[in-house]
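Colleague: This is a predicted model, with the sequence first.
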Amino acid sequence: MTQAITDLLEQINKEITNKKLLLLSLLKEVALIPSPTGSEQQKMLFLKEKLKEIGINASIDSMGNCVAKLPAKKSGGSDRLMSQQD
């Protein structure tokens, strides 16, 4: 294996590790938000704001769930991302 490939693999591994740590930190933040049954709005607003920070428009639906539409890989459609309260 050439040095360039080795360096690239190291860079990819570091990026994956950083993303894992970021995701773990985010999950911890979500878990620490109080959300007893019937009072999950704070958690949904947190998720909506985090999605906004990365450029994804989200909304809270009539049931209080956080919903985002993501562009589909194929033209003309979209994928839906939803975080239910329970």
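Modeller: Everything's here; your move. Numbering: from 1, shown residues only.

Colleague: And the residue nearest to the spatial centre of the chain, how far from residue 15?
Modeller: The residue lying closest to the centre of the chain (C-alpha atoms, centre = their mean) is residue 51, at 6.3 Å. According to C-beta to C-beta, to the nearest Å, residue 51 and residue 15 sit 21 Å apart. Every residue, glycine included, has its C-beta placed from N, CA and C.

Colleague: what's the distance between residue 69 and residue 42?
Modeller: From residue 69 across to residue 42, the span is 23 Å (C-beta to C-beta).

Colleague: the more surrounded of those two?
Modeller: Under the criterion of other C-beta atoms under 10 Å, the comparison of residue 69 against residue 42 puts residue 69 first, with 15 against 11.

Colleague: which element follows whatever helix or strand residue 48 lives in toward the C-terminus?
Modeller: Assigned by DSSP states H and E, residue 48 belongs to helix 41-53. Once the chain leaves helix 41-53, the next helix or strand it forms, by DSSP H and E, is strand 58-60.

Colleague: Dump whichever helix or strand comes after that next one to CSV, keeping only the CA atoms.
Modeller: Next along the chain after strand 58-60, taking DSSP H and E as the criterion, comes strand 66-71. Extracted in CSV, the C-alpha atoms of strand 66-71 (Å, rounded to 0.1, in the frame of the first residue of the first chain):
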residue,chain,number,x,y,z
CYS,A,66,-40.6,16.5,14.6
VAL,A,67,-40.8,15.9,10.9
ALA,A,68,-38.3,16.7,8.2
LYS,A,69,-38.3,16.0,4.4
LEU,A,70,-35.0,15.1,2.9
PRO,A,71,-34.2,15.3,-0.8
